[in-house]
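Enquirer: Sequence first, then the predicted structure, then my questions.
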Amino acid sequence: MKTVCLYFEIHQNIHLKRYRFFDIGTDHYYYDDYENERSIQETAERSYVPALQALLEMAGRYGSYFKCAISLSGSAIELLERYAPQVLDLLSQLNETGCVEFLAEPYSHGFSSMTNRETFREEVKRLCKKIKTLFGKEPKVFRNSCLIYSDEIGQEVADMGFKGMLAEGAKHVLGWKSPHFVYHCNRNPKLKLLLRDPSLSEDISYRFNDSSWSEYPLFADTYAKWIADLPEDEQVVNIFMELCALGIFQPLSSNILEFMKSLPEQLKERGVVFSTPSEICSKMKSAGELNVAYPTSWVDEERDLSPWLGNDMQREALDKLYSLADRVRIGNDKRLKQDFDYLQASNNFRFMSTKANSYGGYRGIYDSPYDAFTNFMNILGDFNSRINNLYPEFDNDELNSLLTTIKNQDEELERKDKEIEKLQHLLGQLEEMEGGFQKAEAKPVPEAAPAAPAKKAASKAKAEAKPAAKKTTPKAKAEAKPAAKKAAPKAKAEAKPAAKKAAAKAKK
Amino acid sequence: MFGWEFPPHILGGLGTASYGITKGLAAIPGMDITFCIPKPWGDEDKSFMNIIGMSQVPVVWKDVSREYVEQRIGDKMSPELYYALRDHIYADFNYRQTDDLGCIEFSGKYPDNLQEEINNYSIVAGVIARQQEYDIIHAHDWLTYPAGIHAKQVSGKPLVIHVHATDFDRSRGRVNPTVYGIEKDGMDHADCIMCVSELTRQTVINHYHQDPAKCVAMHNAVYPLDPEIKEFVDIPIENAAERDKVVTFLGRITMQKGPEYFVEAAAKVLSRTKGIRFCMAGSGDMMNQMIDLVAKKGIADKFHFPGFMKGHQVFEAFRESYVYVMPSVSEPFGISPLEAMQCGVPSIISKQSGCAEILTNCVKTDYWDIDAMADAIYALCTYHSYHHYLKEEGRKEVDQITWEKVGERINECYLRCLGWN
């Protein structure tokens, strides 16, 4: 039985305002509130609201037969909360029908997956938490910003405990293979990959209203027939698109929503079902591993990173931005973190693209890629100086080595904790056994013998934990005087309770 | 072809453009070009066309011997041509001041009695028009329009005029009625009007009330750099990293070029950054005013006026420059940013210049938007990748803009005018 997996992306970036270099150091607010409000309201009005209403209607009409998946970026959630809460209401209504699965993605819709592991993990966790509070469900399947996927990213995502990930069915990666199968990551077979069918997806999202297209006008029965007529063993058809495709890329006047609404009926007639990504991940078996050495995305004909990292300017902007990632992360300054999120959005880099035939020449407030670059770099200049004010500038290498030290010590403490727990457990067992003994024989003599080794072990743990804590503090202090001031207390704070815990446990 | 300037003795962009157009056209097989200029110096490049100097064309019949002609103007015109032209004198010009060969003297520049010189040019053109054989007449800029009209009336051949600039550009809207009259007259008589940009074309259509169908935008191009100059420009500057970066303005310091916006932008940049210097090369009627303004802004220590540059000096200036700025208020085309880009200097140009229509790898701002201009200058001086990208891509782009392509397009227009295709 064939199954269709529908997925919609909801992402809107926070627009940056015109920021001249003489604002650097004086103005720390980077956003164009008017444009943010205008664009999200326009998108909501023209696309999100009617499209979600249509999905709700479909869910009502077809009950549990119809299913789809949606993911939201952090900035989109924030914008919707602020300017278009009716969209979130519709999403929760849709959530209550049970037909929708929410996916995880990086909070910022940026490129941390390729540049900074820690930041990436942190962002994804943050978004999952947000989704959980909004919709009460923990996402199980991951999709990266712009559907970027590579082996390394796959491995990382698998390590984070996701069971599936969405990716592009790019021809240069698949070769003769079909995207209509489930694949798995070549570095971790536990991670299933759902590959987008570019042609069927873009028939709706790009070509639907194109009167020069040979299939124009497209009707739901034709489309359903295409899916039903696929070879017998090709079981999964992944149709992924941005939610704005319904209403903005394809105007409502093209009857795109009517098309969507009648699609389930046509598919049902032909014996095709709908599934959510996690259903597919748990039901389907992988047809094989997928090798993706260079990242793929769902944009442009090349399906690679060229729309965001195609020229020197984009690469410099990205490098400069992510060179700050570590300091932002350990800084724990809310304002800085927020700005960092907004700056990471892939759109900021897309505006700098000099590709000639990139889809959608939309540049926001900028009239050229150069303009976009200058503006972004000016903002980054100010952002950088703010971070430098927090932490006087020092080498990233130095920072990295410090971070590694702290991380190693954290790991060591964790290991010690586990050891203590194990010993505790053993102790408990021994005591139990002892209790049994006493009941059975009530002899005081053997009591001393098993207790002694336990005590020994406990004191040993205590001894081990303490030096570890001591080691942490002076080392960090000595290595980086100003910078480590923040880091050191953290390590100290973490080390001390652990040591205390160990001591307390040992006393027990 | 009628022109006023021709390299190497040029006063502005007109000469360069005339040369390029002629050379581009000469590359087309079956094309013979005769170029008329007021006063040849004898060192012009005649390899691909004939040059007739107006100051060697007789308008009054003088009985002179072959040897005398040979000795007087042999380096500029052959005695045969002199005699042939002498046979076509069409009226009595004895009341005009002529020299011993019956020729009228031309300065070849833009003297105070320009009006008279234009008139003389037209008189002489009548002689040439009667003697030469040709299919089409091409007149460059308003100074030669009367000559073009004259030639058209004599021969009945189609007239193409090339609008390198209009008086609206030169005067920021306050036109000189005489000049306007000449320009309008030329356009009214022309069979085809070639404008150096869409911007100029619109001016011609809207302010000179011309039929849009006969106006064509014919963008200029640049000549590839001489290998020698290219090599010179490519020599990296010593300890470039430590030296101040130079931002250059190069052109006549006149109202049309918007020099005050450059100074304002410079002041903005200098108020926030170090390691950048500004250089305003050229001369013009606003120079003193600019020096005043610079002093008033208190940036005179970082702002330099090296004066008029010509020939090789221009390339020396480009080589030293890190960024080139052309904030023209109204620039029909503006070849200099193309030259800067050839030398690998990223350019900031105003949206009000014609070359902005064909360039993509450069920064475009409104001439009045000094904030944007200052921002662009700062960015180019600060972000290496940005500078590098525009440097390389700009160079590649400009290398694709050649006079040969322009020549082909002009040829197409000719054929259309003549009804040959």
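Expert: Structure's in. What do you need?
Enquirer: any idea how far B:Pro38 lies from chain A?
Expert: 42 Å (Cβ to the nearest Cβ, to the nearest Å). Bear in mind the C-beta positions are built from the backbone N, C-alpha and C, glycine included.
Enquirer: For that residue, which non-adjacent residue is spatially closest?
Expert: For B:Pro38, ignoring the flanking residues on the chain, the nearest one in space by Cβ to Cβ, 6 or more residues apart in numbering or on different chains is B:Phe106 at 3.8 Å.
Enquirer: my read: B:His150 touches B:Val124, true?
Expert: No. With contacts counted by Cβ atoms under 8 Å, B:His150 stays clear of B:Val124, the gap being 9.4 Å.
Enquirer: Can you pick out the residue with more neighbours from those two?
Expert: Taking neighbours as other Cβ atoms under 10 Å in any protein chain shown, B:His150 and B:Val124 compare with B:Val124 leading, 27 against 24.
Enquirer: wait, that one sits on B:Gly53?
Expert: No. With contacts counted by Cβ under 8 Å, B:Val124 stays clear of B:Gly53, the gap being 9.5 Å.
Enquirer: ranges for the strands of chain A?
Expert: In chain A, the strands defined using DSSP state E lie at A:3-10, A:68-72, A:100-103, A:141-143, A:164-168, A:182-185, A:192-196, A:236-242, A:246-247, A:250-251, A:273-274, A:289-290.
Enquirer: And the longest helix along chain A, what does it pack against?
Expert: Secondary structure of chain A per DSSP state H: the longest helix is helix A:396-441. Packing contacts for helix A:396-441, counted by 3 or more Cβ pairs under 8 Å, 6 or more residues apart in numbering or on different chains; DSSP states H and E, involve helix A:325-331, helix A:445-479, helix A:484-507.
Enquirer: interface residues of chain B facing chain A?
Expert: Contact residues, chain B versus chain A (Cβ under 8 Å from any Cβ of the partner chain): B:268, B:271-273, B:363-364, B:371-372, B:374-376, B:378-379, B:382-386, B:388-390, B:393.
Enquirer: What's the PyMOL syntax to select whichever of those are buried?
Expert: In PyMOL syntax, the buried subset of these is picked out as below (16 or more other Cβ atoms under 10 Å in any protein chain shown):
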select buried, chain B and resi 268+272+273+363+364+371+372+374+375+376+378+379+382+383+385+386+389+390+393
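Enquirer: Helices - which of the residues of chain B next to chain A land there?
Expert: Using DSSP H, the members of the residues of chain B next to chain A that fall within helices are B:268, B:271-272, B:371-372, B:374-376, B:378-379, B:382, B:384-386, B:388-390, B:393.
Enquirer: how deep is B:Tyr83 tucked in, by neighbour count?
Expert: So B:Tyr83, with other Cβ under 10 Å, has 13 neighbours.
Enquirer: helix or strand for it, which one?
Expert: helix B:79-86 (DSSP states H and E).
Enquirer: Same check on B:Val246?
Expert: For B:Val246, the element it lies in under DSSP H and E is strand B:245-250.
Enquirer: Show me the strands paired with that strand, marking each as parallel or antiparallel.
Expert: If you go by DSSP bridges, strand B:245-250 pairs up with strand B:276-281 (parallel), strand B:321-326 (parallel).
Enquirer: Residues contacting the first one, please?
Expert: I take that to be strand B:276-281. B:244-251, B:253, B:259, B:262-263, B:266, B:269-270, B:290, B:299, B:302-309, B:317, B:320-321, B:377-378, B:381 (Cβ atoms under 8 Å, 6 or more residues apart in numbering or on different chains).
Enquirer: ChimeraX command for the buried members of these?
Expert: Here is the ChimeraX selection string for the buried members of the contacts of strand B:276-281, based on 16+ other Cβ under 10 Å:
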select /B:245,246,247,248,249,250,251,253,259,262,263,266,269,270,290,299,302,303,305,309,317,320,321,377,378,381
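Enquirer: on that earlier part again, using CSV, lay out the strands paired with strand B:245-250 together with mean pLDDT and distance to A:Ala372.
Expert: Converted to CSV, those look like this (pLDDT from 0 to 100; distance: least, Cβ to Cβ, whole Å):
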stretch, mean pLDDT, distance to A:Ala372
strand B:276-281, 92, 23
strand B:321-326, 94, 19
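Enquirer: Among these, show me which one is buried the most.
Expert: When those are scored by mean count of other Cβ atoms under 10 Å in any protein chain shown, the highest mean neighbour count falls to strand B:321-326 (a mean of 25).
Enquirer: How about residues contacting it?
Expert: Outside strand B:321-326, the residues that touch it by Cβ under 8 Å, 6+ apart are B:245-251, B:257, B:262, B:265, B:279, B:318, B:334, B:336-337, B:340-341, B:343, B:345-350, B:353, B:373, B:377, B:380-381, B:387.
Enquirer: next helix or strand past that strand?
Expert: Sequence order places helix B:336-342 as the next helix or strand after strand B:321-326, per DSSP H and E.
Enquirer: Contacts made by that next one with the rest, please.
Expert: Helix B:336-342 is contacted from outside by B:13, B:220-222, B:224-225, B:248, B:250-251, B:314, B:318, B:321, B:324, B:326, B:347, B:349, B:353, B:355, B:359, B:361-362, B:394-395, B:397-399, B:401, using Cβ under 8 Å, 6+ apart.
Enquirer: Fine by me, thanks again.
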